[in-house]
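Q: 3D, please:
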Amino acid sequence: MFNYFFSVIIWIIYKTHMEYRIGGAKYSCLMGKQTKFCLQIALLVLIVTLVFVYFKLPSGDSLPDGRLEPSGEPDALDKYLNQQFQFLGVGGKQKNALDPKVKELEQYQQLVLSILHNSDANCRLTEFMIRNGSCKAGINETTSYSDILGTQVYTVMTTCAGEHMKRPWVLFLHGMAYTTRVWVETNIMRMTASFGFNSIAIDLPGFGNSKGSKKVSSEVEFINDLIDSLKITKFVIVSPSMSGRYSIPYLKTLNPKLVGFVAAAPTSTELLTGTDATTIETPVLIMKGERDNQLGKVSLDNLARLKHSTTFIVPDAGHPSYVDNTPVFTREMIKFLLCMSSETQ
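A: Prediction:
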């Protein structure tokens, strides 16, 4: 746009300084007697040029090929869809390109198909089983602080609007380098809620927006207090990396409210004993990044001893597999949640 207006300015300057001939006589626009006449010429040139610019420029904020150009920094959902699922420009309607609700619905539909095409012998999911318990209304996302063991803990909740969901809640913890933002910006929380699993993510004490020290009196009591404050009766923990110091001791308590456990290379798995391998009844999904040969391998070796554990190697991913390969991580996690919830409902 700037280039067009710059051209207009140069064109006007040229016209108002040119010399012209009338009846064989030579005149200049800089001559005082001809000022009015020159201004009329300049005005006419300006009008013609603006009309040309109007018809020359593409309409709206579209690109030459008709695709809409996003304005400003894309939001978290735009980043996720552009970088991970790449919906925009792939068979979608142009008018939907800037509509987050439409993109979210497309993402849900793609996940449903991906789950159906990647089912395994241990859990045969049908489309009816998937959609029957999914959220039919919109997704609400709220943030707040909860007083847990005297610490102000920052929480993000994604819930199905106006519906009482029968499926378990999902508690998202985070690793040392991340906070609740990782679950929000990858859109994993909203997708989880779309499939009927209301979700909560927290900044652990001393991290992100939460207050207090990074050390708590009891990690087990911390999770108990959190779950009790929300009046949650059954839930699943998604635990990556450093959060294992909270989740693994809690897994060992055999609390019946914990109906599932997604392990994304958590720490503290060395706390699991031979007795735990036979007494822990909670279904566990072990998610290891293909390139995570340090903590991921140690975590896998220890957790694989649990009798109700299954393992999935996330391709093209390192330690934070939920960031490196978000679509596959999300698909396998939701598959696990659906299979697990069909047994626990």
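Q: which residues does residue 313 contact?
A: By CB atoms under 8 Å, 6 or more residues apart in numbering, residue 313 lies in contact with 288-290. Backbone N, C-alpha and C define where each C-beta goes, glycine included.
Q: Next one: it from residue 151, what distance?
A: Distance from residue 313 to residue 151, counting by CB to CB, to the nearest Å: 36 Å.
Q: one step back: just the buried residues from the contacts of residue 313, in PyMOL please.
A: The PyMOL command for the buried members of those (criterion: 16 or more other CB atoms under 10 Å) is given here:
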select buried, resi 288+289
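Q: Kindly reformat the contacts of residue 313 as CSV containing secondary structure.
A: Output for the contacts of residue 313, formatted as CSV (DSSP: H, G, I helix; E, B strand; the rest coil):
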residue, secondary structure
288, strand
289, strand
290, coil
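Q: Which of the contacts of residue 313 sits closest to residue 140?
A: Among the contacts of residue 313, residue 289 lies closest to residue 140 (CB to CB), at 31.6 Å.
Q: Touching, the closest one and residue 317? I think so.
A: Yes - using CB atoms under 8 Å, residue 289 is in contact with residue 317, at 3.6 Å.
Q: Need the residues touching each of those two.
A: Joint contacts of residue 289 and residue 317 (CB under 8 Å, 6+ apart) are 324-325.
Q: how many neighbours does residue 146 have?
A: Close neighbours of residue 146, defined as other CB atoms under 10 Å, add up to 16.
Q: secondary structure class for it?
A: Going by three-state DSSP, the secondary structure assigned to residue 146 is strand.
Q: Now do the contacts for it.
A: With contacts defined as CB under 8 Å, 6+ apart, residue 146 is in contact with 152-153, 155, 202, 226, 229-230.
Q: ranges for the helices of this protein?
A: Assigned by DSSP state H, the chain shows helices spanning 2-17, 35-56, 76-80, 100-117, 127-132, 181-185, 188-194, 219-229, 244-251, 274-279, 295-303, 321-324, 326-344.
Q: so how far is the fifth one off the chain centroid?
A: Same thing as helix 127-132. What separates the centre of helix 127-132 from the centre of its chain is 23 Å, taken as CA atoms, centre = their mean, to the nearest Å.
Q: Return the list of helices and strands in contact with it.
A: If you count contacts as 3 or more CB pairs under 8 Å, 6 or more residues apart in numbering; DSSP states H and E, helix 127-132 packs onto helix 100-117, helix 326-344.
Q: what mean pLDDT would you report for that helix?
A: Helix 127-132 carries an average pLDDT of 92.
Q: Start at 25, not 1
A: Sure, I'll start numbering at 25, so the last one becomes helix 151-156.
Q: Using CSV, write out every CA atom in it.
A: C-alpha atoms of helix 151-156 as CSV (Å, rounded to 0.1, in the frame of the first residue of the first chain):
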residue,chain,number,x,y,z
GLU,A,151,-17.5,-43.1,16.2
PHE,A,152,-20.6,-43.3,18.4
MET,A,153,-18.5,-44.1,21.5
ILE,A,154,-16.3,-41.0,20.8
ARG,A,155,-19.1,-38.5,20.0
ASN,A,156,-21.7,-39.7,22.5
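Q: Buried residues in it, which are they?
A: By 16+ other CB under 10 Å, the buried positions in helix 151-156 come out as 153-154.
Q: what's the answer for the last one, then?
A: Residues of helix 350-368 classed as buried: 350-365 (neighbour count, 16+ other CB under 10 Å).
Q: Give me the below-cutoff pLDDT ranges for the stretch 225-369 of the chain.
A: For the stretch 225-369 of the chain, the stretches with pLDDT under 70 are 366-369.
Q: thinking again about what came up before, turn the helices and strands packed on helix 151-156 into a markdown table, including distance to residue 279.
A: Output for the helices and strands packed on helix 151-156, formatted as a markdown table (distance: least, CB to CB, whole Å):
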| stretch | distance to residue 279 |
| --- | --- |
| helix 124-141 | 28 |
| helix 350-368 | 14 |
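Q: Go through those helices and name the closest to residue 237.
A: helix 350-368 (30.6 Å).
Q: about what we covered before: buried ones only from the contacts of residue 170, please, as a PyMOL command.
A: Selecting only the buried entries of those in PyMOL, with 16+ other CB under 10 Å as the criterion:
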select buried, resi 177+179+226+250+254
